[in-house]
Structure formats: C-alpha cells, structure tokens
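Colleague: Sequence and predicted model, in that order:
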Amino acid sequence: MNITVENADNKTLISLKEERIDAHNSLELKDFLQKLLENGQHLLIVDLAAVRFIDSSGLGALLSGYKNANLRQGSLILTGLQPRVHSMFELTRLHRVFEIYSSLDEALAASREVNAHGANRH
C-alpha cells in the first residue's frame, strides 16, 4: 500500500496514495493505523483525496482506526473524500460517526481548534 506520513504539531497526516481501498489492501491499512496509535500518535488525519473507490472492508479498516483512536483518547479525522467515496459514507451512515472535512486545510484548522479547547469534537 502506498502511504505517506508526515508529523506536524502533534498531528499525524496520512495520505493514502491508492485508487482503491478494498479487500486487497484494507488489512494493511488497518494494521498501519493500529501501529501508529500504538506508537503514541493520537491525532490522525487521513487524506483520502486519491481514493476513488472504497468497499466495506476499507470502511471497516477506517472504523477500526477510529475506534482504536477513541480508546486512546485520540481522534481519526478524514479529509478529501471523492464523491463516490463520500456517497459510501452516507449510504452506511458513517458520515455521522467520522469527522469529515473537504480539504486538508479545513481538517488542520479544526484540529488546531480541538487542541486549543482540549475537546474531542468541535
């Protein structure tokens, strides 16, 4: 799986450079997110701008990361959802679970607000 990671201001920016998140690579994504959280990363921002398709296993991997982040008093924020991917989140009602922002700049601004107020949600 092609993933880039950048750390900035106690945030971990994860860019998924895959067109598809499906049964072929979702376990790798789940394990990757788990390792980041185990290594003390608490605020993960996942940029899905390159992802054109996601299936139930991909959604499950992200949901697993979300739950693991919450168990550690952290957050997993999504950004850059393409229309087809966003519709999958709406269809499964996961758009009500995740914090989703249209751009990385919006997600970073929101995460700065969370850090300033010490809250999990804005």
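Modeller: Structure's in. What do you need?
Colleague: Run a quick neighbour tally on the spatially closest residue to residue 47 that is not a sequence neighbour.
Modeller: In this structure, residue 47 finds its nearest non-sequential neighbour in residue 15, 4.4 Å apart by CB to CB, 6 or more residues apart in numbering. To be clear about C-beta, it is placed using only N, CA and C from the backbone, and glycine gets the same treatment. Neighbour count for residue 15, taken as other CB atoms under 10 Å: 19.
Colleague: Just read off the phi/psi values of residue 15.
Modeller: phi -110, psi 120 (degrees, to the nearest 10).
Colleague: and if you look at residue 85?
Modeller: Main-chain dihedrals, residue 85, degrees, to the nearest 10: phi -70, psi -40.
Colleague: SS state for the residue nearest the centre of the chain?
Modeller: Relative to the mean C-alpha position of the chain, the nearest C-alpha, by CA atoms, centre = their mean, is the one of residue 46, at 3.5 Å. Recorded secondary structure, residue 46: strand (DSSP: H, G, I helix; E, B strand; the rest coil).
Colleague: rewinding a little: the residue nearest to residue 47 is in contact with residue 51, isn't it?
Modeller: No. Assessed by CB atoms under 8 Å, residue 15 is found out of contact with residue 51, at 10.0 Å.
Colleague: and residue 23, what does it touch?
Modeller: 55, 57 (CB atoms under 8 Å, 6 or more residues apart in numbering).
Colleague: so how far is residue 16 from it?
Modeller: Separation of residue 23 from residue 16 (CB to CB, to the nearest Å) stands at 16 Å.
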